[in-house]
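Trainee: show me the folded form of this:
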Amino acid sequence: MTTIDRIASSRRPYFHDPAAPPATVVVPSVFCAVRDTPGRLLLVRRCDSGTWELPGGQVDVGETAEQTAVRETMEEAGVAVEVTGLVGLFTDPGHVVRSAGGTVRQQFVVVLHARPVAGTPHGDAHETSEAAWVELADLPGRGIEPPIDGWIARAVSGDQQGPQLS
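Mentor: Residues are numbered from 1 along each chain as shown. This is a model prediction of the structure:
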């Protein structure tokens with residue numbers, strides 16, 4: 001099966017795409033910008049599209065944003081983390097995702113800063129094929145798609161002025 005076939009039968013993101021289906025629900029998601037001591041960023045590679053992104057996902061009922069960040073980073077990347085701050089809140093009605101089940105959700109994303117406390121990066125072979133520490137200079141070559149590239153830019157900017165609302 002090709003990547004295109006997998007995308008057609010699974011999750012598909014749309015970013016300011018006039019062909020995007022209309023969203024029927026807003027779903028909160030949390031992504032985690034994890035930096036190690038040398039300053040590298042933890043990224044995961046999606047199984048469905050092959051694209052690289054921050055580890056993260058939907059908030060489960062009864063879960064806090066911090067708990068989601070910790071759980072999703074462990075599930076998708078095999079790294080235990082401690083949340084250290086807020087990168088920003090990103091709420092763009094032009095960013096929708098069609099799930100494998102057909103639901104189209106408008107993204108409502110919280111991105112948190114975190115530091116690793118244990119674990120060696122590896123994919124979960126379900127949502128992620130691999131996970132890796134990536135040098136900031138190597139980010140442009142990873143083919144990171146919008147709007148995730150913007151979240152990452154904000155996370156590594158060093159701007160500690162407060163959250164980004166966009």
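
Trainee: now do the phi/psi pair for C47.
Mentor: phi -70, psi -40 (degrees, to the nearest 10).

Trainee: ditto for T68
Mentor: phi -60, psi -50.

Trainee: so it touches P55, yeah?
Mentor: No - if you go by Cβ atoms under 8 Å, T68 and P55 don't touch, sitting 10.5 Å apart. Yep, even glycine has a C-beta here, placed from its N, CA and C like the rest.

Trainee: how about the helices in the chain?
Mentor: 3-9, 65-77, 148-156 (DSSP state H).

Trainee: and the longest one, how far out from the chain's middle?
Mentor: I take that to be helix 65-77. 10 Å (Cα atoms, centre = their mean, to the nearest Å).

Trainee: pull the residues that contact that helix.
Mentor: 28-32, 34, 42, 44, 55-60, 63, 79-83, 110, 112, 114, 119, 121-124, 127-128, 131 (Cβ atoms under 8 Å, 6 or more residues apart in numbering).

Trainee: ditto for stretch 105-114
Mentor: So stretch 105-114 is in contact with 23-35, 54, 56, 65-66, 69-70, 73, 81-93, 95-97, 99, 151, 154-155, going by Cβ under 8 Å, 6+ apart.

Trainee: tell me which of the contacts of helix 65-77 fall in strands.
Mentor: 28-32, 34, 42, 44, 56-58, 80-83, 110, 112, 114, 128, 131 (DSSP state E).

Trainee: in ChimeraX, select just the buried ones from those residues.
Mentor: Entered in ChimeraX, the line below selects the buried ones among these, by 16 or more other Cβ atoms under 10 Å:
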select :28,29,30,31,32,34,42,44,56,57,81,83,110,112,114,128,131
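
Trainee: returning to what we had before: which of T68 and P55 has more neighbours?
Mentor: Between T68 and P55, P55 has the larger neighbour count (other Cβ atoms under 10 Å), namely 29 against 23.

Trainee: which ones are touching the residue minimising distance to the centre of the chain?
Mentor: For the chain, the residue nearest the mean C-alpha position is L54 (3.8 Å; Cα atoms, centre = their mean). If you count contacts by Cβ under 8 Å, 6+ apart, L54 has them with 31-34, 41-44, 111, 148, 151-152, 155.

Trainee: contacts only, for the closest residue in space to H122 that isn't next to it in sequence.
Mentor: Excluding its sequence neighbours, the residue lying closest to H122 (Cβ to Cβ, 6 or more residues apart in numbering) is G78, at 4.5 Å. Residues in contact with G78 (Cβ under 8 Å, 6+ apart) are 119-124, 131.

Trainee: much appreciated, bye for now.
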